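Colleague: Prediction below, plus the sequence it came from.
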Amino acid sequence: MSERLNISGFCKIRNNNVFLNGDPVFSDSETIQVNQFLKNNYRHFNINYPKFFKMDNLSKLGFLTAELLINQHPQVKSIYPEQTGIVLSNSSSSLDTDFSFYDTIKDSANYFPGPAVFVYTLPNIMIGEICIRHKFTGENVFFVSEQFNPKLIFHQVQYLFTFSNIQCCITGWVELFNNNYDSFLCLIEKVKDNEAENKNSMFDEVNLFNIYKK
C-alpha cells in the first residue's frame, strides 16, 4: 500500500491568540506586550520548564508553539529522537535579540556585553531549545526568507523524508521582531493512503499555504 506525507496537526500563535488545529485555545488582551503574552501562555498551559524564562522572545515563541503542537500529538514522543526533523524559517532572523545585544555594546562609556543575550543572536538557537526540551536529534535547518514560503518548506521537508531516516517533521514559520510576531508550526508524518484524513491534509504547497493563511 502506498504512503504519503500528511499534515497531522498545526498550531498558530498570532494577534495574542493561540489556535490548535484551527480551534481557539487561548486569548489575551490585545494591548499586552509580547513578552508578557508569552509568559501568560506558559502559565495558562501549565508548562513546567524553568529554562523558558531565560530564553529570548523568539525562542519562547517557537518553544511554546512546538510544545502545544507536540502535546496535542503525543505519538511524536514514541518516535526515536533521531527520526524527528525540524525545518523552520522567518524573515527577521534573530534581529530582535541582535538589537538587544547591540544596546549593551554601542556605548563605549557604558559597555556591558551580556553573554546570556549573545547566546540567542542566531535564529537556529530556537531549534536547539526545542530539541533540548524534547531530546530530538534528527536533521534540522533554519531558513530566512522575505515571507512565509510554502514552496521552500515543502521541498526541504520532502528532501528530509526522502534522503534521511526521519519519520516525522515539525515545520513552519516563527517570526518575531519588536512586538510583532507570527508563529505557525505543523506536524508532518508519513502515513498510508487509507489512514490519511482527507485530501486537504495532504502535505503539499497549496495545503500548507491555505492552513497558514486561515
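Modeller: The structure has been received and is ready for your questions. Residues are numbered from 1 along each chain as shown.
Colleague: May I ask which helix or strand encompasses the residue nearest in space to the middle of the chain?
Modeller: Centrality entry for the chain: nearest residue to the mean C-alpha point is G62, 3.9 Å, by C-alpha atoms, centre = their mean. With the criterion set as DSSP states H and E, the secondary-structure element containing G62 is helix 57-72.
Colleague: okay, the angle between the following helix or strand past that helix and helix 57-72?
Modeller: Past helix 57-72, heading to the C-terminal end, the next element that is a helix or strand (DSSP H and E) is strand 84-90. Here strand 84-90 runs at 140 degrees with respect to helix 57-72, directions being taken by axes from the mean of the first three to the mean of the last three C-alpha atoms, to 10 degrees.
Colleague: tell me the contacts of the closest residue to F45 other than its chain neighbours?
Modeller: Residue nearest to F45 in three dimensions, not counting chain neighbours: L68, with 6.6 Å by C-beta to C-beta, 6 or more residues apart in numbering. Where C-beta positions appear, they are placed from N, C-alpha and C, glycine not excepted. By C-beta atoms under 8 Å, 6 or more residues apart in numbering, the contact list for L68 reads C11, V18, L20, V25, F45.
Colleague: Let me have these in CSV, extended by pLDDT, distance to L122 and secondary structure.
Modeller: Written out in CSV, the entries for the contacts of L68 read as follows (pLDDT from 0 to 100; distance: C-beta to C-beta, whole Å; DSSP: H, G, I helix; E, B strand; the rest coil):
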residue, pLDDT, distance to L122, secondary structure
C11, 98, 23, strand
V18, 98, 26, strand
L20, 97, 29, strand
V25, 97, 30, strand
F45, 97, 27, coil
